[in-house]
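Below are the sequence and a predicted model for it; my questions follow.
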Amino acid sequence: MRKRLETFIHHLEQIDTLEALNDAVVNLRDLYEVDHLVYHSVNSTGEQYAALTYDEKWVNHYIDEDLSRVDPVVTGCYQRFHPVEWKQLDWSGKSARAFLGEAVSAGIGNQGVSVPIRGPSGQFALFTINHKANDDQWERYAAEHIPDLILLSHFINQKALEIENGTDLAPARALSPREKDALTLLALGYNRAQAAENLSISEHTLRVYIEAARHKLGASNTTHAVAQAMTRGLLLI
């Protein structure tokens, strides 16, 4: 496991206030040398919490003008379950182009990935990684760091839920040794082909193990399953 990942997870485990979680997001931005990170959560009653590194003036303007109505990142992520590259979204509309112009003027980077996270009881959160870079620079950065940050987004969401509501981890059905092996290799950064080769099984069989583990952990996707397993201490890394 990468040292930076270990360092942040260890620090996150000690946090017990939302203010400290905001500081942790700022520290994470510095740790991974990215321009901005944003965690924004809305629970089933509409209560919101955000930990972010955007300029306060831009945040206030975004809220006052209710720009979430025209933000392609927000509308796009509500329709998806997997991380979304900003360049995959539709920015062609007049309101979207105007919003983009305002965002760039406020110092928001041209490159971004947003992770939609669906928690218990209708909770919905977005975790965004934002940076100024050309396409080649972003491609190199994303290949090296985005998998870590996507994984950490689920740890941050879990910590926010724990702080607000207490731990909500229901007892999980026990994972089989092979299910643990599969999630462990993914947590270590192996892709599915590499993990299957390491375990001397087919990729189809690997997917069966991963899906079984995901259902046992109540996870919405594979990355969430890895984060849940690590949070529960089921993986030895």
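Nice, thanks for sending it over.

Every contact and neighbour count from this point should use C-alpha atoms.
Noted.

The residue of the chain positioned farthest from its centre: what's it in contact with?
What lies farthest from the middle of the chain is Ser200; by C-alpha atoms, centre = their mean that is 30.0 Å. Taking C-alpha atoms under 8 Å, 6 or more residues apart in numbering as the contact definition, Ser200 lies against nothing.

Would you map the helices across the protein?
Listed in chain order, the helices of the chain (DSSP state H) span 3-13, 18-31, 56-64, 72-78, 94-105, 135-165, 177-187, 192-199, 203-217, 222-231.

quick check: angle from the second one to helix 135-165?
For helix 18-31 against helix 135-165, the angle between stretch directions is 160 degrees (axes from the mean of the first three to the mean of the last three C-alpha atoms, to 10 degrees).

Can we start the residue count at 13 from this point?
Got it, the first residue is 13 from now on, which makes the last one we talked about helix 30-43.

Give the rounded mean pLDDT of helix 30-43.
The average pLDDT within helix 30-43 is 94.

Show residues contacting stretch 23-32.
Contacts of stretch 23-32 (C-alpha under 8 Å, 6+ apart): Leu33, Ala36, Ile168, Lys171, Ala172, Ile175.

quick one: low-confidence ranges for this protein?
For the chain, the stretches with pLDDT under 70 are 13-14, 56, 178-184, 248-249.

centroid residue for it?
Per C-alpha atoms, centre = their mean, the C-alpha nearest to the average position across the chain is that of Ser165, at 3.0 Å.

That one: what's it in contact with?
By C-alpha under 8 Å, 6+ apart, the contact list for Ser165 reads Tyr51, Val127, Phe139.

Tell me the spacing between the nearest residue to the second one once chain neighbours are set aside and Asp28.
Spelled out, that is Val127. Nearest non-adjacent residue to Val127, counting by C-alpha to C-alpha, 6 or more residues apart in numbering: Pro95, 4.4 Å away. Per C-alpha to C-alpha, to the nearest Å, Pro95 is found 27 Å from Asp28.

and if you look at Ala118?
32 Å.

swap in Ser214?
On the measure of C-alpha to C-alpha, Ser214 and Asp28 end up 42 Å apart.

do Lys15 as well
Relative to Asp28, and taking C-alpha to C-alpha, Lys15 is found at 23 Å.

since we're on Phe136, how many residues are nearby?
Phe136 has 19 neighbouring residues, counting by other C-alpha atoms under 10 Å.

Isn't it up against Val54?
Yes - here Phe136 lies in contact with Val54, judged by C-alpha atoms under 8 Å, at a distance of 5.4 Å.

Now do the contacts for Pro84.
Pro84 neighbours (C-alpha under 8 Å, 6+ apart): Leu101, Asp102, Trp103, Ala108.

Pick the one among these closest to Val238.
Leu101 (26.8 Å; C-alpha to C-alpha).

so the closest one touches Gly88, yeah?
Yes - Leu101 lies in contact with Gly88 (C-alpha under 8 Å); the separation is 6.6 Å.

When these two are compared, which one has more neighbours?
Neighbour count, other C-alpha under 10 Å: between Leu101 and Gly88, Gly88 has more, with 16 against 13.

among the contacts of Ser165, which are in strands?
Residues of the contacts of Ser165 located in strands (DSSP state E): Tyr51, Val127, Phe139.

Which one of Lys15 and Asp28 is surrounded by more residues?
Asp28 (15 against 7).

Distance check, the more buried one against Lys171.
8 Å.

swap in Glu215?
32 Å.
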